[in-house]
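S.K.: Whatever this is, show me its structure:
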Amino acid sequence: RNSKFHSIRPTIHTSPILAPVSRSLVSTLLATSSVKSLTLPVRLGSSRLSRQAYSSSALMSLPARSPLPASPTLAELASPEFLKSRSKRVRAVSPLSALKTAMWTVPTILLLGPVAALSQRLLSSSRAPPAMPDDAPSEWSSLSPPSASEREYDIVIAGATGFTGKLVLEFYLTQYPNLKIAVAGRNASKLTDVVSSVKEISKSSAEVPIIVADASDWEGNFKVARSAKVVVTLAGPFAKIGQKLIDACAHSGTHYADITGETGWVRQNVHRLSGKAEETGAVLASLCGHDSVPWEFTAKALEAKLKENGEDLVRLDLLDEMAGQASGGTIATMVNAVEDPIANPKASFDPMYGTSKKAGKVVNASPYFVRKSRADANTYESFFMMSVVNAEAIKRSLELPSKVTYSEGEKVSLATGINNTLSLYASLCFLYIPPLRRLLMSKGIIPNPGSGPSLKTQEHGFLRVTGTATGSNGGIARSCIYFDTDPGYRDTARMVAEAGVTLLETGDKKSGGVFTPGAVIREEMTEKLLKGGTSFVVE
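M.R.: Below you'll find the model as predicted:
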């Protein structure tokens, strides 16, 4: 209980019956003492079964890591030896393990798949057709945008009480201590607690004002938008609770960045808000996190490389390697997309391509099971769920003078690919049957929104995307981008935070509109990411 000890590592020796009691006592210890974190190898009898990490704060700074190579070559960055040098490991399974997985997942898919489909059909038939969002009331939309001198804060963080929101606040207080940062949300008490804990962890003495505003209230959202030069928001599902805020930013001339992966919602906003944003000068950037910065920046950089040689991009093959964990917020977004679908705007062409029709289009040819990789004949690629999102994101930023075939998959062995894909499809069956989903969430098997991984999980996470682009004359360009920590949380927080700073520095020099980051701030934001620990090589 001495305050100078911030971490202790005992081992609990217990029996299976008493293990839950031991965990309860640990939680009580954390709640009543100054201990910040506790890592407990739990031994049941004589064999270790699990390693359970408890933390009173998931925000404690990661331990110092060895520096990345200053200027790695493409071959070095994409090699297996590079991951070993960083102590990173991709989960792999044996053929026997894949067979065992198939023995329960295949019957599950065959049994529950039709039930999940029927459940969604019944839900669809029982609700009204999706409608476009309501426009802002005239009492607010008619106001002239405030001048820069009238805006009290450089950046306001909306959704700061969530897991990623806390990481964004910590990032700003440690990396940009001179910025005027405020946090916004509906619960003043929670916001106060978050600010206090993050300031303690980051050893910051900066003042962080609190703006009390409800996401469902037009007045509160306009108060946030009109007080800031930039709004960075982590509060999702965005189609459900983020619409009024982005509308308020469009009307107020306030630059905006979010971490949504809801491309249907982005498409809707391009259609609805582009004209107003162009009028007020607001640069509204969506998809600024793990969805879909690494892939969109890769696609745009490879397109530019081919352009140097006088070729147009015609095919893009991406291989993903990663270690991380799906967030509760991501799962909530997936569920919301099914239970409350987004209305497609009535437009003469897909708004994801922008406000003017492009000559070409993006065709998604990503795998939906397991197949030999086209980019690397020595490996396999399997379905990666976010490939659907990433294929939509690049529509906004690529020039597309002709058709581009997009293929993205997770780099795997054959056994691992079968194991992972079957497990994913079986999990989706549980997710899309409401009673089963509620049961799994109540048991903690499916994470709740706002939850996140332990520091150890974040430290061991990484993302590496290797790209191969084919030009119109047969030319080839290659790339590799690497993020050294958990991509879905800590590096997502860094990505969207840097997007906010980039908009603060350059947004007023750009034309307003609704964009993806690759379409409006790629070069400036890439420079910041490289300085912060990302490696990116294009050859």
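
S.K.: excluding its backbone neighbours, what's nearest Ala92?
M.R.: In this structure, Ala92 finds its nearest non-sequential neighbour in Thr416, 5.0 Å apart by Cβ to Cβ, 6 or more residues apart in numbering. To be clear about C-beta, it is placed using only N, CA and C from the backbone, and glycine gets the same treatment.

S.K.: show me the contacts for the one you found.
M.R.: Arg91, Ala92, Val93, Ala98, Ser382 (Cβ atoms under 8 Å, 6 or more residues apart in numbering).

S.K.: my read is it is in a helix, agree?
M.R.: Yes. Assessed with DSSP: H, G, I helix; E, B strand; the rest coil, Thr416 lies in a helix.

S.K.: circling back to that earlier point, the contacts of Thr416 in strands, which ones?
M.R.: Among the contacts of Thr416, the members falling in strands (DSSP state E) are Ser382.

S.K.: Any quick PyMOL command for the buried ones out of the contacts of Thr416?
M.R.: Buried subset of the contacts of Thr416, written as a PyMOL selection, criterion 16 or more other Cβ atoms under 10 Å:
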select buried, resi 93+98+382
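
S.K.: From the contacts of Thr416, pick the one nearest Tyr406.
M.R.: Using Cβ to Cβ, Ser382 is the member of the contacts of Thr416 that sits closest to Tyr406, with 16.2 Å.

S.K.: and the nearest residue to that closest one once chain neighbours are set aside, what pLDDT?
M.R.: Closest residue to Ser382 apart from its sequence neighbours, by Cβ to Cβ, 6+ apart: Gly417 at 3.5 Å. Listed pLDDT for Gly417 reads 95.

S.K.: so Gly417 sits right up against Phe384, yeah?
M.R.: No. Gly417 is beyond contact range of Phe384, at 10.5 Å (criterion: Cβ atoms under 8 Å).

S.K.: okay, and the common contacts of the two?
M.R.: What both Gly417 and Phe384 touch, as defined by Cβ under 8 Å, 6+ apart, is the set Glu410.

S.K.: how far away is Ala228 from Ala257?
M.R.: Distance of Ala228 to Ala257, given as Cβ to Cβ, to the nearest Å: 11 Å.

S.K.: Check which residues of the lengthiest helix in the chain are buried.
M.R.: Determined from DSSP state H, the single longest helix within the chain is helix 95-126. Within helix 95-126, the residues that count as buried by 16+ other Cβ under 10 Å are Ala98, Thr101, Ala102, Thr105, Thr108, Ile109, Leu112, Ala116, Ser119, Gln120.

S.K.: Could you do stretch 161-174 as well?
M.R.: Using 16+ other Cβ under 10 Å as the burial criterion, the residues of stretch 161-174 that qualify are 161-173.

S.K.: What average pLDDT does that stretch get?
M.R.: Per-residue scores along stretch 161-174 average to 93.

S.K.: gap between that stretch and the chain center?
M.R.: Put simply, stretch 161-174 sits 14 Å off its chain's centre (Cα atoms, centre = their mean, to the nearest Å).

S.K.: Kindly report the same for stretch 99-106.
M.R.: 30 Å.

S.K.: What of stretch 89-108?
M.R.: 27 Å.

S.K.: before we move on, what about stretch 457-476?
M.R.: 18 Å.

S.K.: Please apply the same query to stretch 507-522.
M.R.: 19 Å.

S.K.: quick one: buried residues of that stretch?
M.R.: Within stretch 507-522, the residues scored as buried using 16+ other Cβ under 10 Å are Gly507, Gly512, Gly513, Val514, Phe515, Thr516, Pro517, Gly518, Ala519, Val520, Ile521, Arg522.

S.K.: pLDDT for those residues - can I get that in CSV?
M.R.: Listed next are those as CSV, based on pLDDT from 0 to 100:
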residue, pLDDT
Gly507, 96
Gly512, 96
Gly513, 96
Val514, 97
Phe515, 96
Thr516, 97
Pro517, 97
Gly518, 96
Ala519, 95
Val520, 96
Ile521, 97
Arg522, 96
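
S.K.: Restricted to helices, list those residues.
M.R.: Going by DSSP H, the helices hold Pro517, Gly518, Ala519, Val520, Arg522 from the buried residues of stretch 507-522.

S.K.: Quickly note the distance from the fourth one to Ser511.
M.R.: The one in question is Val520. Distance from Val520 to Ser511, counting by Cβ to Cβ: 9 Å.

S.K.: Can you pull out the low-pLDDT segments for this structure?
M.R.: The chain contains residues with pLDDT under 70 at 1-67, 127-130, 325-330, 332-341, 343, 444, 446-451.

S.K.: Pretty sure Lys358 sits against Ser402.
M.R.: No. Look at Lys358 against Ser402 with Cβ under 8 Å: they stay out of range, at 9.7 Å.

S.K.: These two: who's more crowded?
M.R.: Between Lys358 and Ser402, counted using other Cβ atoms under 10 Å, Lys358 has the larger neighbour count: 17 against 13.

S.K.: For burial, what's the neighbour tally of the residue nearest to the more buried one when sequence neighbours are not counted?
M.R.: Nearest in space to Lys358, with sequence neighbours left out and distances taken as Cβ to Cβ, 6+ apart, is Leu400 at 4.4 Å. Residues lying near Leu400 (other Cβ under 10 Å) number 19.

S.K.: Where does Leu400 fall, secondary structure wise?
M.R.: Under the criterion of DSSP states H and E, Leu400 resides outside all helices and strands.

S.K.: what sits against it?
M.R.: Tyr353, Lys358, Ala359, Gly360, Lys361, Val362.

S.K.: can you pull out the helices in the stretch 401-539 of the chain?
M.R.: Assigned by DSSP state H, counting those that start in this stretch, the helices in the stretch 401-539 of the chain fall at 414-431, 434-442, 455-460, 490-506, 517-520, 522-531.

S.K.: now the longest one against helix 95-126, angle please.
M.R.: Okay, so that is helix 414-431. If you take axes from the mean of the first three to the mean of the last three Cα atoms, to 10 degrees, helix 414-431 sits at 30 degrees to helix 95-126.

S.K.: Enumerate every residue touching the most centrally placed residue in the chain.
M.R.: Taking Cα atoms, centre = their mean, the centroid of the chain lies closest to His290, which sits 3.7 Å from it. Listed by Cβ under 8 Å, 6+ apart, the contact partners of His290 are Ile259, Met386, Leu463, Pro487, Gly488, Asp491, Thr492, Met495.
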